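J.: Could you look at this predicted model? Sequence included:
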Amino acid sequence: MDNPNGIMIKARGLTKDFGEVRAVDSVDFEVRKGEAFGLLGPNGAGKSTTMRMIASVSRRTGGELSILGLDPNEHGPDIRGHLGVVPQQDNLDVEIRVRDNLVVYGRYFGLPMKFLGPKADELIEFVQLTEKAKAKVDTLSGGMKRRLTIARALINEPDILLLDEPTTGLDPQARHILWDRLFRLKEAGVTLVITTHYMDEAEQLCDRLIVMDKGKIMAEGTPARLIREYSSREVVELRFGSDRNAVLAGQLAGFGDRIEVLPDRILIYTDTGEEDLARIVERGLRPLTSLVRRSSLEDVFLRLTGRSLIE
Amino acid sequence: MMRRIYAGRPHTVVLRALYALKTSAWFVVVSGFFEPVFYLLAFGLGLGTLVGEVTGPLGRPVSYAAFLAPALLATSAMNGAIYDSTWNVFFKMRFARLYEGMIATSLGTLDIALGEILYALLRGLVYALAFLAVMVALGLVPSAWGILAVPASLLIAFGFSACGMALTSYMTTFQQMDWINFFMLPMFLFSATFYPITVYPEYIRWIIQAFPLWHGIELIRGLTLGQFDGSILRHVLYFAAMIAVGLAATTRRLTNLFMK
């Protein structure tokens, strides 16, 4: 079902309404073969709704959508046969055992037992759950459940793997294990579509991403390009205590290209962070804490929307 | 249209249920067989000694146990089907998110509805065979037509499953689920289960005859006692209509719920 031109997903003016609410507002994007494509935005930006339309379980209100060259309104089951889906909330089958979850799921796709047996063992090893193969799903930790869900999504050797907030709710160690597995898939040439509201996740995993807010696309590009385009090289973060940040902000005029005053801190966008910080201290301002860091996608989002990603 | 909701794989949903059976509590499964047997022993054989003979469907006298047993078979077909298609489906739909996972594959909503119902029928088939064997052993099946009570109880179960699943898809709370029980008990007690419908005045008979369990009981009673006429077709058609309406409604609802 591969397209000769390598375009796996194509959306033009894609729109979704729920009653009066416009959840996705005329978005355009393309995902190419082998790419890790990200949808970055805060909760309620329309990422999951977009994802459900790509997964061919939600009918669009308007615009065009083509997945693997097919229209999901007409060919839902055919398209879904070539997708792997990792939903935001786990929906593993808790009444059957870990390995059976993979075999039974493969049967839903109409795959033969002869193929599913070895495939299930291979995937269980890939997600490092071999010792848990016969365990009940209830006994798995959050991170293990996520990994099992990823293995399940790979049982039909999908052309596109859809991951909706893959690491939300996981502890840092479990996140890193998961990222490592996803990285391997990416190296193996699997096309990934990932929604996230974590900038570090988007920076690590995505070749290219769109920044969404209130159903619209605010910007598109590689993480590095977006940062270059919408932010400075470095950021100075200063904390003077919550009641003094706004008062002292006036005295910082002239530093950097741009200053953002947030309730808990002041951000100074500049290309020369360390020097600026030294001069601020020389001037007699004494922040409670200060740090100089590189710009991130969080700063891009702040610049584009005036709000933080995680509120 | 059909291709969007049906992939021709309801058997994979049945397979999933069989895997789940492996990890489930066996006594719950087995208890489905004993319930009608206990009723038969207590009321048919016990209380039946005080009752003696009653009038069968075509007016010929039969022993009370032989009169009651087919009604219990029909009732157990109903209870099994309703339990599977309401409580089980409610849990999977609202809490286990099972169907959400299934719908992400190339399965369609009709595959899921049919698969769940087919599994309920498979279980019903085992119960029906076992109960009919008990009836035969106790000498309560005077007619060879009685063997048709097995497909008849599957038909009854199919009708109740299809409609039960459709109703469940509208329920969102446990309180609403309790309404089903509230409705089932009087239907069991008053559908000419324990005595012939002729004990009622005319207008109550009409009410009873509007409900599905009466049709189920009359269908099976006619077959096991070998006393039936053309009205048996009416009972079969009643359940055929339940199946058609229930399946269409369930598929529509699942599509609306999970493909919005």
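T.: On my side now, so go ahead. What you are looking at is a predicted structure, and each value in this text was computed from that prediction instead of being measured. Numbering: from 1, shown residues only, chains lettered A, B, ... in the order given.
J.: can you list the domains in chain A?
T.: Per automatic domain parsing, the structural domains of chain A span A:7-222, A:232-294.
J.: For the ones you listed, which has the smallest mean pLDDT value?
T.: Sorting the domains of chain A by mean pLDDT places domain A:232-294 lowest, at a mean of 88.
J.: Centre of the chain to that domain, how far?
T.: Centroid displacement of domain A:232-294 relative to its chain, using C-alpha atoms, centre = their mean, to the nearest Å, is 30 Å.
J.: show me where the chain has strands.
T.: Picked chain A for this. A:7-18, A:21-32, A:36-40, A:62-67, A:83-86, A:160-164, A:191-196, A:208-213, A:216-221, A:234-239, A:258-261, A:266-270, A:289-294 (DSSP state E).
J.: You answered for a different chain; I wanted chain B.
T.: All strands of chain B, identified by DSSP E, fall at B:53-55, B:61-63.
J.: Enumerate every residue touching the nearest residue to A:Leu192 once chain neighbours are set aside.
T.: The spatially closest residue to A:Leu192, leaving aside those adjacent along the chain, is A:Ala36, at 4.3 Å (C-beta to C-beta, 6 or more residues apart in numbering or on different chains). Any C-beta I mention is one placed from the backbone N, CA and C, and that applies to glycine too. Residues near A:Ala36 by C-beta atoms under 8 Å, 6 or more residues apart in numbering or on different chains: A:Lys186, A:Thr191, A:Leu192, A:Ile194, A:Leu205, A:Cys206, A:Asp207, A:Arg208.
J.: Buried only: go through the residues you listed for me.
T.: Buried by 16 or more other C-beta atoms under 10 Å in any protein chain shown: A:Lys186, A:Thr191, A:Leu192, A:Ile194, A:Leu205, A:Cys206, A:Arg208, out of the contacts of A:Ala36.
J.: could those residues go into JSON lines alongside distance to A:Arg107?
T.: Listed next are those as JSON lines, based on distance: C-beta to C-beta, whole Å:
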{"residue": "A:Lys186", "distance to A:Arg107": "28"}
{"residue": "A:Thr191", "distance to A:Arg107": "25"}
{"residue": "A:Leu192", "distance to A:Arg107": "25"}
{"residue": "A:Ile194", "distance to A:Arg107": "27"}
{"residue": "A:Leu205", "distance to A:Arg107": "30"}
{"residue": "A:Cys206", "distance to A:Arg107": "33"}
{"residue": "A:Arg208", "distance to A:Arg107": "35"}
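J.: on that earlier part again, distance to A:Ala253 added to the contacts of A:Ala36, as CSV?
T.: Below are those laid out as CSV (distance: C-beta to C-beta, whole Å):
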residue, distance to A:Ala253
A:Lys186, 44
A:Thr191, 47
A:Leu192, 44
A:Ile194, 39
A:Leu205, 38
A:Cys206, 36
A:Asp207, 38
A:Arg208, 36
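J.: Pick out whichever of these sits closest to A:Val94.
T.: The nearest member of these to A:Val94, counting by C-beta to C-beta, is A:Ile194 at 25.6 Å.
J.: picking that back up, so which of the domains of chain A comes closest to B:Ala81?
T.: Across the domains of chain A, closest to B:Ala81 is domain A:7-222 (C-beta to C-beta), at 19.7 Å.
J.: Excluding residues flanking it in the chain, which one is nearest the residue nearest to the spatial centre of chain B?
T.: Among the residues of chain B, the one closest to the centroid is B:Met78, at 2.4 Å (C-alpha atoms, centre = their mean). Counting by C-beta to C-beta, 6+ apart, B:Met78 lies nearest to B:Phe160, which is 5.1 Å off, once chain neighbours are set aside.
J.: again, but for B:Tyr39
T.: That would be B:Leu72: by C-beta to C-beta, 6+ apart, it lies 5.3 Å from B:Tyr39.
J.: and the gap between the residue lying closest to A:Ser58 once chain neighbours are set aside and A:Arg12?
T.: The spatial neighbour of A:Ser58 that comes closest, neighbours along the chain excluded (C-beta to C-beta, 6+ apart), is A:Arg52 at 3.9 Å. Distance of A:Arg52 to A:Arg12, given as C-beta to C-beta, to the nearest Å: 18 Å.
J.: neighbour-wise, which of those two wins?
T.: A:Arg52 (22 against 13; other C-beta atoms under 10 Å in any protein chain shown).
J.: OK, contacts around A:Val211?
T.: Applying C-beta under 8 Å, 6+ apart to A:Val211 gives the contacts A:Leu40, A:Gly41, A:Ile217, A:Met218, A:Ala219, A:Glu220, A:Leu226, A:Leu297, A:Val300, A:Phe301, A:Leu304.
J.: closest to chain B among these?
T.: The closest of these to chain B turns out to be A:Gly41 (C-beta to the nearest C-beta; 21.1 Å).
J.: can you count the residues close to the closest one?
T.: By other C-beta under 10 Å, neighbour count at A:Gly41 equals 29.
J.: Surely it touches A:Ser48?
T.: No - applying C-beta atoms under 8 Å, one finds A:Gly41 not in contact with A:Ser48, separated by 10.0 Å.
J.: What about A:Arg279, how many residues nearby?
T.: When neighbours are counted by other C-beta under 10 Å, A:Arg279 registers 13.
J.: Tell me how far A:Leu102 lies from chain B.
T.: Per C-beta to the nearest C-beta, to the nearest Å, A:Leu102 is found 11 Å from chain B.
J.: Likewise for A:His197?
T.: From A:His197 over to chain B (counting by C-beta to the nearest C-beta), the distance is 21 Å.
J.: can you give me the offset of stretch A:93-110 from its chain's centre?
T.: The mean C-alpha position of stretch A:93-110 is separated from the chain mean by 26 Å, C-alpha atoms, centre = their mean.
J.: Now the residue in the stretch 151-260 of chain B that chain A sits nearest to: closest residue in space that isn't a chain neighbour?
T.: At 5.4 Å from chain A, B:Met259 is the closest residue in the stretch 151-260 of chain B, using C-beta to the nearest C-beta. Sequence neighbours aside, A:Val57 is the residue nearest to B:Met259 in space, at 5.4 Å (criterion: C-beta to C-beta, 6+ apart).
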